[in-house]
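Engineer: Model the following, please.
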Amino acid sequence: MKRHSVFAVLPALGSSVMALQRSVRLLGCLLAFLAAPGLLATSTALRAASDLTSMDAAAASMARVIVKFKEGTELTKTLSVDASVDETVARDLLQRRADVLSSRVGVTLTSGRAVGPRGQVLMARGLSAQALAAKLAQDPHIEYAEVDRIRRALWVPTDPLYATGPTNGAGPAVGQWYLRAPDATFLSAANLPGAWDRTRGASSMVVAVLDSGILKDHPDLQGQYLTGYDFIDNAAVANDGDRRDADPADPGDWITSAEDKNTGGFFHGCGASSSSWHGTQVASIIAAATNNGIGMAGIASNAKVLPVRVLGKCGGYDSDIQAAMYWSAGLDQTGVPANPTPAKVINMSLGSDGTCPQSYKDVMSAVTAKGVVVVAAAGNSAGLAVGTPANCPGVLAIGGLRHIGTKVGFSDLGPEIAISAPGGNCVNLTGACLYPIITALNSGTQGPVAGGYTYSDSTNASVGTSFSSPIVAGTVALMMSANPSLTPADVKRILQTTARAFPTTGSAADTAQCKPPTSTEQLECYCTTTTCGAGMLDAAAAVAASVVKPVAKAELTTASPTAGSSVQVTAANSTVGAGRTVAAYAWTLKDGGGVATGFSTATNAATAAFLPSGAGTVVVQVTVTDDLGVQASADLSIVVAAAPVPPTPTPTPSNSGGGGTMSVVWLLALWFAAWLLRRQGRRPSRSA
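Structural biologist: Just a heads-up that it's a prediction; the model follows:
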């Protein structure tokens, strides 16, 4: 439905008398509405929401296409739309673009939302989406036209080992096995304890979860969310009575049996199901509160989750997902407030089959240029090819592993996968699931139940690559907390070079090696680096390899070290990684050279001093520790000179007068006396 501001109505309707009459009637209706605040009563609001939902449900029969206009065409110049334009004005401009194209291609087009720069959604009746895309792609103004497909959450596996189990139970007995250090039983465990020794995540680290929205009040996620956004532009899919808004809360995504069986209905063929609370499950894996005495541990518990709602009943459209990706990375979107807390990591546990469309490639190019890492689930179609968006260039596609390190049956595979991580598996065909992933949930089967906050367990098991992906996304958050300067390329390289090798034994005797994907399913198989990525995630090794070590510098501040005098040294010019601070200094005397036995000052400050007793060479060392506990050391060799020997003073004859002038007079007098004596000796002696 096309919406206009009061001031945009008349120009949009044209100059005909009939159009003018319609404008006057519409203007009168709008003025009457503004004069009657009682129309905003609850019952009317609910009826409006119901009408909006019905209208959007009816739109399901329309073909939906994402188009991108070529840069510099007359159409984009005269009808330019950017993020600074008011939403109402933007809708009018987008529809006017659609009207121009309608006359060119001979199809009545209705505009949807803008998608990134020069992109928008177009809808039409009477033909398929594929046919509409083909027709629009021929127009010289259009760079490309693609079907606006629906992507779905990837949490429900097709693995035959997926256990339905009883409805009352607990467990699993092994707890969060997938976070622990790997051992002979849990070969694929992600080795988080070693990573946590370095960081639990920076409070400034933001991970966007593009999913079904979140349960705001779950006790294990209190204080973990930032202000997000709901990007669903179809009220029937949104299921919350409206379209896009600033509330990413999850109202539930249940599908009733009647909706599923209603031929021609919006949700026909979606499959009857209870609400999944999928977004909350994913968010809890990444950042559930830790050490709070309740529930589960999150991977990056000090990081923050940016909840971005893109999935509702039966999934979500590509156009909404792509707009959310732009916004999450801090790239403005028309009609949406700017994102005050852009993400460094985006997790997308969603997708469907097919090759990567150009529109996703455009988004990934823009998002990656902002330094944002995008992590996505490979898919759960039992060993078929990796789906979209995980198969798009630049995305870290994540495969799923069983506890013993083999590919779990439901996980898709192929060369697009960067790395694999635990996806949960049950082993048994009946009874409680043995190795699921623990996630945060609500007990409501449709809407959320007040106080009904709980966790998945062995009888209500969570398994799927939807949960492999956030294990990696959480690890990436730790890596980028340890080193904020990492680029998406750096992250991929480190994850792959630190990954542990896949096992080649340990499963049933008939377990085969994984093969490249075809149209035939592959269940459990031994992974290779061409089918499941570089190896098994090792979070501890990845974080360790990400850390920028301090650069320790030990320098001499005493100009000429001399025995008997204090010698001063400093480490004040040492440096630590970006975003880090020096936590401690530690000075040690590596070699006293026989002239020093220790420091004369404290050894835990930036400066220190020692007092050498003689000449020699002294070696000191300083160790600098940053606030992540990462250390670096530096040695300094100091040559100490002997103490200078005082000069022997020249003896000075004493005299009563003192001073140099009197000494000369005294010498002259002495000379004169000697002369007189010689003179007398030359005279003849006289007789008595």
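
Engineer: Tell me where the stretch 351-500 of the chain has helices.
Structural biologist: Ranges of helices in the stretch 351-500 of the chain, per DSSP state H, counting those that start in this stretch, are 358-369, 465-482, 488-497.

Engineer: CA atoms of the first one as PDB?
Structural biologist: Once non-C-alpha atoms are left out, helix 358-369 reads as follows in PDB (Å, rounded to 0.1, in the frame of the first residue of the first chain):
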ATOM      1  CA  GLN A 358      24.600 -10.100  -6.800                       C
ATOM      2  CA  SER A 359      22.600  -8.100  -4.200                       C
ATOM      3  CA  TYR A 360      24.200 -10.100  -1.400                       C
ATOM      4  CA  LYS A 361      27.600  -9.600  -3.100                       C
ATOM      5  CA  ASP A 362      27.000  -5.800  -3.000                       C
ATOM      6  CA  VAL A 363      26.100  -5.900   0.700                       C
ATOM      7  CA  MET A 364      29.200  -8.000   1.500                       C
ATOM      8  CA  SER A 365      31.500  -5.700  -0.400                       C
ATOM      9  CA  ALA A 366      30.200  -2.700   1.600                       C
ATOM     10  CA  VAL A 367      30.100  -4.400   5.000                       C
ATOM     11  CA  THR A 368      33.600  -5.900   4.600                       C
ATOM     12  CA  ALA A 369      35.000  -2.500   3.600                       C
END
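
Engineer: packing partners for it?
Structural biologist: Judged by 3 or more CB pairs under 8 Å, 6 or more residues apart in numbering; DSSP states H and E, helix 358-369 is in contact with strand 63-69, strand 142-147, helix 318-328, strand 373-377. For the C-beta atoms, the positions are set from N, CA and C on the backbone; glycine is no exception.

Engineer: can we see that at 6 Å?
Structural biologist: Here helix 358-369 touches helix 318-328, going by 3 or more CB pairs under 6 Å, 6 or more residues apart in numbering; DSSP states H and E.

Engineer: C-terminal to the helix it packs on, what's the next element?
Structural biologist: strand 345-348 (DSSP states H and E).

Engineer: Give me the contacts around that next one.
Structural biologist: Strand 345-348 has contacts (CB atoms under 6 Å, 6 or more residues apart in numbering) with 207-210, 328, 372-376, 469-470, 473, 476-477.

Engineer: One more: stretch 239-246?
Structural biologist: For stretch 239-246, contacts defined as CB under 6 Å, 6+ apart pick out Ala49, Tyr229, Asp230, Phe231, Asp233, Ala235, Pro251, Gly312, Lys313.

Engineer: Now the phi/psi pair for the closest residue to Ala189 other than its chain neighbours, please.
Structural biologist: Of all residues not flanking Ala189 in the chain, Pro182 sits nearest, at 4.4 Å (CB to CB, 6 or more residues apart in numbering). Reported as degrees, to the nearest 10, the phi and psi values for Pro182 are phi -70, psi 150.

Engineer: okay, now Pro182: neighbour count?
Structural biologist: Look at Pro182: counted by other CB atoms under 10 Å, it has 19 neighbours.

Engineer: right, so of the helices of the stretch 351-500 of the chain, which gets closest to Ser188?
Structural biologist: Ser188 lies closest to helix 465-482 among the helices of the stretch 351-500 of the chain, at 9.8 Å (CB to CB).

Engineer: elements contacting the closest one?
Structural biologist: If you count contacts as 3+ CB pairs under 6 Å, 6+ apart, helix 465-482 packs onto helix 278-287, strand 345-348, strand 373-377, strand 396-401, strand 417-422, helix 539-546.

Engineer: angle of that helix against helix 539-546?
Structural biologist: 30 degrees (axes from the mean of the first three to the mean of the last three CA atoms, to 10 degrees).

Engineer: how about the CA coordinates for helix 465-482, as PDB?
Structural biologist: Provided in PDB are the C-alpha atoms of helix 465-482 (Å, rounded to 0.1, in the frame of the first residue of the first chain):
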ATOM      1  CA  THR A 465      24.500 -25.300  12.000                       C
ATOM      2  CA  SER A 466      22.500 -22.400  13.400                       C
ATOM      3  CA  PHE A 467      24.300 -23.100  16.600                       C
ATOM      4  CA  SER A 468      27.700 -23.800  15.000                       C
ATOM      5  CA  SER A 469      27.700 -20.300  13.600                       C
ATOM      6  CA  PRO A 470      27.400 -18.400  16.900                       C
ATOM      7  CA  ILE A 471      30.100 -20.500  18.500                       C
ATOM      8  CA  VAL A 472      32.400 -19.100  15.800                       C
ATOM      9  CA  ALA A 473      30.900 -15.600  15.900                       C
ATOM     10  CA  GLY A 474      31.500 -15.500  19.700                       C
ATOM     11  CA  THR A 475      35.100 -16.600  19.200                       C
ATOM     12  CA  VAL A 476      35.600 -13.900  16.600                       C
ATOM     13  CA  ALA A 477      34.300 -11.400  19.200                       C
ATOM     14  CA  LEU A 478      37.000 -12.600  21.600                       C
ATOM     15  CA  MET A 479      39.600 -12.300  18.800                       C
ATOM     16  CA  MET A 480      38.700  -8.800  17.900                       C
ATOM     17  CA  SER A 481      38.400  -7.800  21.600                       C
ATOM     18  CA  ALA A 482      42.000  -9.000  22.000                       C
END
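
Engineer: shaky segments in the stretch 351-500 of the chain?
Structural biologist: Of all residues in the stretch 351-500 of the chain, none has pLDDT under 70.

Engineer: Hmm, Ala418 is touching Gly533, no?
Structural biologist: Yes: judged on CB atoms under 6 Å, Ala418 makes contact with Gly533 at a distance of 5.1 Å.

Engineer: who's more crowded, those two?
Structural biologist: Gly533 (28 against 23).

Engineer: Against Asp253, how distant is the more buried one?
Structural biologist: 30 Å (CB to CB, to the nearest Å).

Engineer: what's the span of stretch 111-120, first residue to last?
Structural biologist: Stretch 111-120 has an end-to-end distance of 7 Å (CA to CA, to the nearest Å).

Engineer: What mean pLDDT does it get?
Structural biologist: Stretch 111-120 carries an average pLDDT of 87.

Engineer: And stretch 91-107, by the same measure?
Structural biologist: Mean pLDDT, computed over stretch 91-107, is 89.

Engineer: starting at the chain centroid, how far to it?
Structural biologist: Computed by CA atoms, centre = their mean, to the nearest Å, the separation of stretch 91-107 from the middle of its chain amounts to 38 Å.

Engineer: Same question for stretch 506-523.
Structural biologist: The chain centre lies 33 Å from the centre of stretch 506-523; the measure is CA atoms, centre = their mean.

Engineer: Quick check: Leu132 touching Ala63?
Structural biologist: Yes: if you go by CB under 6 Å, Leu132 and Ala63 touch, sitting 4.3 Å apart.

Engineer: For those two, indicate the residue with more neighbours.
Structural biologist: Counted by other CB under 10 Å, Leu132 and Ala63 do not tie: Leu132 has more neighbours, with 25 against 21.

Engineer: Return the set of buried residues in the helix or strand hosting that one.
Structural biologist: Take DSSP H and E as the rule and Leu132 turns out to sit in helix 129-137. Buried residues in helix 129-137, counting neighbours by 16 or more other CB atoms under 10 Å, are found at Ala129, Leu132, Ala133, Lys135, Leu136.

Engineer: packing partners for that helix?
Structural biologist: strand 63-69, strand 142-147.
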